[in-house]
Structure formats: structure tokens, C-alpha cells
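In: Fold the following for me, if possible:
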Amino acid sequence: MVRAPPLPIRSHSATGGPLGGEIRFRWQIANSVFGIRANGNCADFKDSNANLTFVGLQDETRVDAFGLLTGLLGYAWTDVLLYVKGGAAVARDKYQLSEFATGLPSPTVAKPGGAVQ
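Out: Okay, here's the model as predicted:
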């Protein structure tokens, strides 16, 4: 049995940039410290290249938005603050195939993604 080497995977070097904002708030009750941070961005990251598996098709990717929500819980004494922080990050991205010859796109696949910090 002869196996062909795997096709190389191309990466994207996206162009575009984000625009967004952040809100954060911390408060202290006695020695306990609490905090919350929300960060949201509209984005315009996009790129495309030829699909190496299916000749005549082009891969297109795009990130429309991403955000972050975190919380903080800590304990302060004198000038020392010990805390734990956790949260979640989400992104809205799209992936699409289109034909080079006609330029007709396949249905767009839009899916939310996420990660836990």
C-alpha cells in the first residue's frame, strides 16, 4: 500500500482590523474585592486562497466580531491583592467556498465559537 503525503494546509494572513470597547468595574467591601470586565469588538478580518484539495475552489474566511466577559474575586490586605479571574471568550466567524470560474459562493457557514479562561 502506497500512501500519498498529506496536502499542505494553507494559512491565512487576514487583513482588516477591529473596533470596539471595554467596560470594567471593581469594588471592595472590607477586604473582599469583586470585579467584572466586558470587552466587545466588531471586526473585519478576512482572507482567501485556493483550495488545495478541490481544484477550482477558493476558501474564504472572515471574523465579524469577538468578545470577552470575565469576573474577578480577590482578597486585599495592606498593599497586596490576591485574586482569581475567570471568564469566557466568543467569536463570530464565517467560512465559505466559492468557484474561481463563476465566483458563485457556496452557502455561508456562520457559527459561534468560544473558549473558557
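
In: low pLDDT regions in the protein?
Out: Counting by pLDDT under 70, the chain shows low-confidence ranges at 1-14, 101, 103-117.

In: mind listing the strands for it?
Out: Counting by DSSP state E, the chain has strands at residues 18-29, 32-50, 57-77, 80-99, 109-116.

In: Tell me the bridge partners for Ser48.
Out: In this entry, Ser48 is beta-bridged to Glu60, by DSSP bridges.

In: With Gly56 as the reference, measure out to it.
Out: Between Ser48 and Gly56 the distance, using C-beta to C-beta, to the nearest Å, works out to 14 Å. To be clear about C-beta, it is placed using only N, CA and C from the backbone, and glycine gets the same treatment.

In: ditto for Ile29
Out: Per C-beta to C-beta, Ile29 is found 64 Å from Gly56.

In: So if I had to pick from those two, which one is more boxed in?
Out: Between Ile29 and Gly56, Gly56 has the larger neighbour count (other C-beta atoms under 10 Å), namely 11 against 7.

In: So that one is in contact with Leu97, correct?
Out: No - counting by C-beta atoms under 8 Å, Leu97 is not a contact partner of Gly56; they are 10.1 Å apart.
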